[in-house]
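Enquirer: Show me how the following folds:
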Amino acid sequence: MKNLFRKHAEFIPWNKGKLLGQKLPLKLKEIWAIRIRLQIQKNLRNLALFNLGIDSKLRACDLVKLRVKDICHGNQVLKRATILQQKTKRPVQFEITPSTRDAVIVWMKYKNLTQNNYLFASRVKEWDHLSTRQYSRIVDQWIGLIGLDVSDYGTHTMRRTKASLIYKRTKNLRAVQLLLGHTKLESTVRYLGIEVDDAIEMAELTEA
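Expert: Residues are numbered from 1 along each chain as shown. Sure, this is the predicted structure:
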């Protein structure tokens, strides 16, 4: 009986001390703060990974599995690419901005990557792609670079960031839904948390 009580007393809830709910997106100034630090460090891989993570808005499982042929035609990085999402089995298209294309090209040339190579290979298993766990650790490092609390951010931060910026600028929910590859508009609403954000914004503009 005492042993049972001791085990119960030592039990620690899995979510103790952890932030639950959606991870925060990055603000524009925070994107550039991380980008500049990676440029100063001359970290070619992480700069390409960061830029592509922001542009693509892909889930971590899709981002880490990208091969050169997924975003390139010959030696040229495409302005737009389409992949089949692992979770939904549906295609999603994303843009690749000039700064991202430049960073990816520099990285591919440095590693001498060919069409069938993973863009971001694992440093533990060179024949395999970067794992989602490794990617998560890298994201934590980026967040730490600019002094933010890593518990507030994660790999979904990368997926949400540009989508959140687009919504704030345009209020075009349907466009964001398409960019994220969501099948239902309700999923996009929940994912962005826009109902809460919009309600607070309206409250701030209203004087009692």
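Enquirer: Check what contacts the helix or strand where T161 lies and list those residues.
Expert: Element membership for T161 (DSSP states H and E) is helix 155-170. For helix 155-170, contacts defined as C-beta atoms under 8 Å, 6 or more residues apart in numbering pick out 22-26, 28, 31, 50, 53-55, 57-60, 63, 132, 135-136, 139, 143, 172-173, 175-176, 179-180, 191-192, 194. Backbone N, C-alpha and C define where each C-beta goes, glycine included.
Enquirer: Could you report the separation of V189 from R174?
Expert: 11 Å (C-beta to C-beta, to the nearest Å).
Enquirer: Which one of these two is surrounded by more residues?
Expert: V189 (15 against 9; other C-beta atoms under 10 Å).
Enquirer: Assign a three-state SS to the more buried one, would you?
Expert: Three-state call for V189 (DSSP: H, G, I helix; E, B strand; the rest coil): helix.
Enquirer: Tell me if I'm right that it and L173 touch.
Expert: Yes: contact criterion C-beta atoms under 8 Å: V189 and L173 qualify, at 7.0 Å.
Enquirer: Pull the distance from stretch 183-196 to the chain's centre.
Expert: For stretch 183-196, the separation from the chain centroid amounts to 17 Å (computed by C-alpha atoms, centre = their mean, to the nearest Å).
Enquirer: end-to-end on stretch 119-135?
Expert: Stretch 119-135 has its terminal residues 13 Å apart, counting by C-alpha to C-alpha, to the nearest Å.
Enquirer: What of stretch 140-152?
Expert: Stretch 140-152 has an end-to-end distance of 10 Å (criterion: C-alpha to C-alpha).
Enquirer: Let me see the residues that make contact with that stretch.
Expert: By C-beta under 8 Å, 6+ apart, stretch 140-152 touches 18-19, 23-24, 30, 33-34, 37-38, 46, 50, 153-154, 157.
Enquirer: Please enumerate the helices of the chain.
Expert: For the chain, helices defined by DSSP state H occupy the ranges 2-10, 28-41, 44-56, 60-63, 68-71, 98-111, 132-145, 155-170, 173-180, 185-192, 194-204.
Enquirer: highest average neighbour count across the ones you listed?
Expert: Among the helices of the chain, helix 44-56 has the highest mean neighbour count (mean count of other C-beta atoms under 10 Å), at a mean of 23.
Enquirer: Taking helix 155-170 as reference, get the angle to that one.
Expert: Per axes from the mean of the first three to the mean of the last three C-alpha atoms, to 10 degrees, the angle that helix 44-56 makes with helix 155-170 is 50 degrees.
Enquirer: Against which helices or strands is helix 44-56 packed?
Expert: Contact here means 3 or more C-beta pairs under 8 Å, 6 or more residues apart in numbering; DSSP states H and E; on that basis helix 44-56 packs against helix 28-41, helix 60-63, strand 91-95, helix 98-111, helix 132-145, helix 155-170.
Enquirer: Not counting its own residues, what contacts it?
Expert: Residues from elsewhere that reach helix 44-56, judged by C-beta under 8 Å, 6+ apart: 26, 31, 34-35, 38-39, 62-63, 66, 71, 81, 94-97, 99-100, 103-104, 106-107, 110, 119-120, 130, 135, 138, 142, 158-159, 161-162.
Enquirer: Which pLDDT value belongs to I200?
Expert: We have a pLDDT of 55 for I200.
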